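Compute the structure for the input listed below.
(one chain, ligands or ions: 2)
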Amino acid sequence: MFTLSFAFKTSNRDTSNYLRHFLSINHKEKSMRKITPEEKFKNARAKKVLSAPVIDMERLLYDSKENEKLYEALVNAGFLYLSNHGIDKNLIQEIKRVSAEFYHLPASKRKELEDFKGNLIHDGSAFSLSPFAKSIEKDANIDIEYVDSLFYKYIGEITNLALRLVSFFEIALGLEKGRLLNRVEPHGVQNALCYERTPPKKWGVPGHYDNGFLTILMQDDAGGLQAMSKDEWFSIPPVKDTFVVNFGNMLEHISYGVVTATWHNVRNTSAPLRWSWPTFFGKWFLHIFY
Ligand SMILES: O=C(O)CCC(=O)C(=O)O
Ligand SMILES: [Fe+2]
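Ligands and ions are numbered 1, 2, ... in the order given. Prediction:
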């Protein structure tokens, strides 16, 4: 049998904030805050913008205020923007370019690429193959091996970023080094998503929690991501040169609810097409029993 006693050992640093939150959130309270089935299907429309903190990745190294913002994001907002993240702008541009090229291909041609057995398929299929309106189609010659290697490089860089970020989570929460890092799977699963305009009363992606540890999301300029915070829907609009980070159920679970997983959905109401590139990081199951 496996029992969870205390989720974390704390380090020597000041842990008062962490402990305060640990003591103030018990499981019953937390489960009452979970979304009810009625809320899941209600036609949610955000009226306000979520005040998710913008965390500067470089500043985290030397500015304790940045660390406090991170703490706030982890235990309250459930979302943050990551700036100064160091991912090569050219790589990002190329990811955007090839994704657009891929999604404009005629559906039959996209389907032909389904059998390609590269890194992408191995690590989780990056692209969806659902057909779009014919008017979107624009034929092109795609070098799928190049696309594959490009995404492989991107996943690698985002994975490094995620692992660095998780080590800052440990500092923000006052945890012993490695307490989270040793448990997060060091391989992201990459998606490249394309949304047509969402019809009224439909979803681009219906409300859900991400299941893993954390998700690092690049989104284009269309907007449409929404999150629920304290029973209200907020939009999470794009902020130039940042990624959106949100926390999943596993992180909430192993932190006894100290870290907040956030219920979110997507509706694209502003652009003919919306692209996003979430990278999901899960739990390293080998480590679950100790
Ligand atoms: O497209 C987005 O902005 C988010 C997608 C999402 O929430 C998901 O795939 O889990
Ligand atoms: Fe999600």
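
In the stretch 51-200 of the chain, what residue lies closest to ligand 1?
Proximity of the stretch 51-200 of the chain to ligand 1 (Cβ to the nearest ligand atom) peaks at residue 193, 5.1 Å away. No exception for glycine: its C-beta is placed from N, CA and C like everyone else's.

swap in the chain?
For the chain, the residue positioned closest to ligand 1 under Cβ to the nearest ligand atom is residue 276, at a distance of 3.4 Å.

how about that residue, what does it touch?
Going by Cβ atoms under 8 Å, 6 or more residues apart in numbering, residue 276 touches 193, 195, 217-220, 225, 266.

Wasn't it part of a strand?
Yes - applying DSSP: H, G, I helix; E, B strand; the rest coil, one finds residue 276 inside a strand.

count of neighbours near residue 84?
Residue 84: 13 surrounding residues under other Cβ atoms under 10 Å.

which residues touch it?
Here residue 84 is in contact with 56-59 (criterion: Cβ under 8 Å, 6+ apart).

Mark which of the contacts of residue 276 are buried, thanks.
Buried members of the contacts of residue 276, scored by 16 or more other Cβ atoms under 10 Å, are 193, 195, 217-220, 225, 266.

Just send the contacts of residue 276 back as CSV, with pLDDT and secondary structure too.
Conversion of the contacts of residue 276 to CSV gives the following (pLDDT from 0 to 100; DSSP: H, G, I helix; E, B strand; the rest coil):
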residue, pLDDT, secondary structure
193, 90, strand
195, 92, strand
217, 97, strand
218, 97, strand
219, 96, strand
220, 96, coil
225, 95, strand
266, 94, strand
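
nearest to residue 131, of those?
Top of the list for closeness to residue 131, among these and by Cβ to Cβ, is residue 195 at 13.7 Å.

ok, the closest one to residue 119 distance?
Residue 195 sits at a distance of 24 Å from residue 119 (criterion: Cβ to Cβ, to the nearest Å).
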